[in-house]
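Asker: sequence first, predicted model second:
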Amino acid sequence: MHALPRPSADYATLASDIKRWARELGFADAGIAGTDLAADESHLKHWLAEGHHGEMDYMARHGDKRSRPAELEPGTVRVITVRMDYVPPGTRNAWQVLEDPGAGYVARYALGRDYHKLMRNRLQRLAERIHAHVGDFGYRAFVDSAPVLEKALARNAGLGWIGKHTVLINRHAGSYFFLGELYTDLPLPVDAPASAHCGTCRRCIDICPTQAIVAPYRLDARRCISYLTIELRGSIPEELRAPMGNRIFGCDDCQLICPWNKFAQEATEPDFAPRHRLDGAKLVELFAWSEQEFLQRTEGMAIRRTGYEGWLRNIAVALGNAPASPEVRQALLARADHPSAIVREHVAWALARHSA
C-alpha cells in the first residue's frame with residue numbers, strides 16, 4: 001500500500017458515508033481507528049512471555065507486525081473496523097444444550113457458514129464503494145486472516161471494550177459478533193475509543209469451566225475449551241476433560257453469563273443459520289459420522305478447523321462425561337480400535353469413566 005496524493009477531500013463526510021455503506025452491506029456497525037497500539041503491544045508481549053498462547057505459535061511468528069499496522073501493510077494510517085452479529089433467530093437456547101449431557105455443544109459462531117470469506121467479500125465491496133467515490137486508494141482487507149490486533153482496533157474505533165474475558169463487548173449489542181478490518185491510507189477522522197463497563201463484575205471469570213481466565217483481562221489459552229477443542233492437535237490434558245462437559249467445538253460460557261448480552265442482536269445473515277441440527281445434535285449421532293460425512297457436512301464451516309481426528313477426540317470426551325447408557329457405551333466401543341492413537345486414548349478414557 002502506498003499513499004497517493006489526492007485532491008483535498010471532505011474526509012469527515014467520507015467517514016460518515018463509509019459507516020452508512022458498511023451498514024447497507026450487512027455489517028451491524030463500523031468505526032475508524034488510528035494505528036497506535038503501543039499499550040496493547042506490551043500486553044501481548046507479556047502474554048506471549050507467560051506462554052499463555054500454548055501451541056498457537058503464529059501469535060508470535062510475525063514479530064511486531066500484529067501491533068503495528070503500518071509494518072504489516074506499509075502506508076496504513078487508519079483502520080476501518082466492522083462488526084457483524086452471528087446468532088440467527090431460531091437457534092436452540094445455548095443453556096438448554098449445555099444442560100442436556102446427551103447433546104453436543106458447538107460454539108454459536110460456528111453453527112453455520114464460515115464467516116471469513118463472507119465478511120471478506122463484503123469488505124471488498126465496501127472498498128469498491130470507497131474507490132468509486134475517491135478514486136484509487138490503498139487498502140487491504142482482513143478477517144482473522146493475518147496478524148491483526150482486531151479487538152484493540154475495534155475498541156479504538158469505538159465498537160466496544162475488551163471485557164475481563166478478553167472478548168469485545170458492545171454496550172448496545174453484547175458480544176456475539178465477528179470483526180473485520182480495512183487497513184487504508186485514507187487520513188479519515190478517528191472515532192473515540194469505547195470506555196469499559198465491566199465494573200466489579202466477574203461472572204465470566206467465575207463461570208469458566210476450566211478456570212482459563214486467570215485474572216481480569218488475562219486468558220491462559222492452554223486451559224480454554226475453545227483452544228483445547230480447536231487449536232490443540234494432541235491429547236487434551238486429562239484434568240481438563242471432565243470440566244469440558246459436552247462442549248465439542250468451542251465454548252461460550254463466559255459470553256452466556258455476561259449481563260451485557262441481554263442486548264445481543266440477532267443475525268440478519270441467513271448463511272449463519274445452524275446446519276445439520278448442530279445447535280443441539282445428539283453426541284452418539286455425531287460420533288457415528290464417517291470421515292467422508294464429516295467433510296461433506298462441514299464444508300464451508302469453521303468446524304472443519306478441528307479436523308476429523310479432533311472431532312472424534314472432542315466427542316469422545318463429551319461421551320465420557322455423559323450419563324452412562326448402553327447407547328453411549330456401544331458408541332465408544334465402536335471407536336475403541338480407531339486407527340488414530342489420539343482417538344483411541346480419549347475413547348479409552350471415556351470407557352474407563354463409565355466402567356468406574
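Answerer: Happy to help now that I have it. Computed from a prediction, not measured in an experiment: that's the story for all the values here. Numbering: from 1, shown residues only.
Asker: next structured bit after the host helix or strand of T81?
Answerer: Of the helices and strands defined by DSSP states H and E, T81 is found in strand 78-85. Downstream of strand 78-85, the first helix or strand assigned by DSSP H and E is helix 94-98.
Asker: the helix or strand that that next one is followed by - contacts with which helices or strands?
Answerer: Where DSSP H and E defines the elements, the next helix or strand beyond helix 94-98 is strand 105-106. Contacts defined by 3 or more CB pairs under 8 Å, 6 or more residues apart in numbering; DSSP states H and E place strand 105-106 against helix 94-98, strand 247-249. For every residue, glycine as well, the C-beta is placed using N, CA and C.
Asker: please name every helix or strand in contact with the helix or strand just after strand 105-106.
Answerer: Next in sequence after strand 105-106, counting helices and strands by DSSP H and E, comes helix 115-134. With contacts taken as 3+ CB pairs under 8 Å, 6+ apart, helix 115-134 sits against helix 11-24, strand 78-85, strand 139-142, strand 177-184.
Asker: only C-alpha atoms, please: export helix 115-134 in PDB.
Answerer: Taking only C-alpha atoms (Å, rounded to 0.1, in the frame of the first residue of the first chain), the coordinates of helix 115-134 have been written out as PDB:
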ATOM      1  CA  TYR A 115     -17.700 -16.100   8.300                       C
ATOM      2  CA  HIS A 116     -14.200 -15.400   6.900                       C
ATOM      3  CA  LYS A 117     -15.000 -15.500   3.200                       C
ATOM      4  CA  LEU A 118     -18.400 -13.900   3.600                       C
ATOM      5  CA  MET A 119     -17.100 -10.900   5.500                       C
ATOM      6  CA  ARG A 120     -14.000 -10.500   3.300                       C
ATOM      7  CA  ASN A 121     -16.300 -10.300   0.300                       C
ATOM      8  CA  ARG A 122     -18.400  -7.600   2.000                       C
ATOM      9  CA  LEU A 123     -15.200  -5.700   2.900                       C
ATOM     10  CA  GLN A 124     -14.100  -5.900  -0.700                       C
ATOM     11  CA  ARG A 125     -17.400  -4.400  -1.800                       C
ATOM     12  CA  LEU A 126     -17.000  -1.700   0.800                       C
ATOM     13  CA  ALA A 127     -13.600  -0.900  -0.600                       C
ATOM     14  CA  GLU A 128     -15.100  -0.700  -4.100                       C
ATOM     15  CA  ARG A 129     -17.700   1.800  -2.900                       C
ATOM     16  CA  ILE A 130     -14.900   3.900  -1.400                       C
ATOM     17  CA  HIS A 131     -13.000   3.700  -4.700                       C
ATOM     18  CA  ALA A 132     -16.000   4.800  -6.700                       C
ATOM     19  CA  HIS A 133     -16.200   7.900  -4.500                       C
ATOM     20  CA  VAL A 134     -12.500   8.900  -4.100                       C
END
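Asker: so it versus helix 11-24, what angle?
Answerer: 140 degrees (axes from the mean of the first three to the mean of the last three CA atoms, to 10 degrees).
Asker: which residues does helix 115-134 contact?
Answerer: For helix 115-134, contacts defined as CB atoms under 8 Å, 6 or more residues apart in numbering pick out 6, 9, 14, 17-18, 21-22, 25-27, 80, 82, 84, 86, 109, 137, 139, 141, 143-145, 178, 180-182, 184, 186, 269, 271-272, 302.
Asker: same deal with stretch 251-259?
Answerer: With CB under 8 Å, 6+ apart, stretch 251-259 has contacts from 94-95, 98, 105, 107-108, 163, 165, 167, 169, 174-176, 201, 203-204, 207-209, 213, 224-226, 229, 261.
Asker: so which of those residues belong to strands?
Answerer: 105, 169, 213 (DSSP state E).
Asker: and V317, what does it touch?
Answerer: So V317 contacts 236, 241, 244, 248, 346, 349-350 (CB under 8 Å, 6+ apart).
Asker: among those, who's most crowded?
Answerer: When neighbours are taken as other CB atoms under 10 Å, the top entry among the contacts of V317 is I248 (31 neighbours).
Asker: looks like it contacts A316 (just checking).
Answerer: No: with contact defined as CB atoms under 8 Å, I248 does not count as touching A316 (9.5 Å).
Asker: list the contacts of stretch 87-101.
Answerer: So stretch 87-101 is contacted by 103, 105, 108-109, 111-112, 176, 245-247, 252-253, 256, 264, 266-267, 269-270, 272-274, 279-280, 321-323 (CB under 8 Å, 6+ apart).
Asker: could I have the buried ones of these as ChimeraX selection syntax?
Answerer: Of those, the buried ones go into a single ChimeraX selection, burial set by 16 or more other CB atoms under 10 Å:
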select :103,105,108,109,111,112,176,245,246,247,252,253,256,264,267,269,272,274,279,280,321,322
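Asker: returning to what we had before: mind checking which of the helices and strands packed on helix 115-134 is nearest L72?
Answerer: strand 177-184 (7.4 Å; CB to CB).
Asker: thought L111 was touching L278?
Answerer: Yes: shown here, L111 and L278 form a contact pair, counting by CB under 8 Å, at 5.3 Å.
Asker: quick check: neighbours shared by those two?
Answerer: Joint contacts of L111 and L278 (CB under 8 Å, 6+ apart) do not exist.
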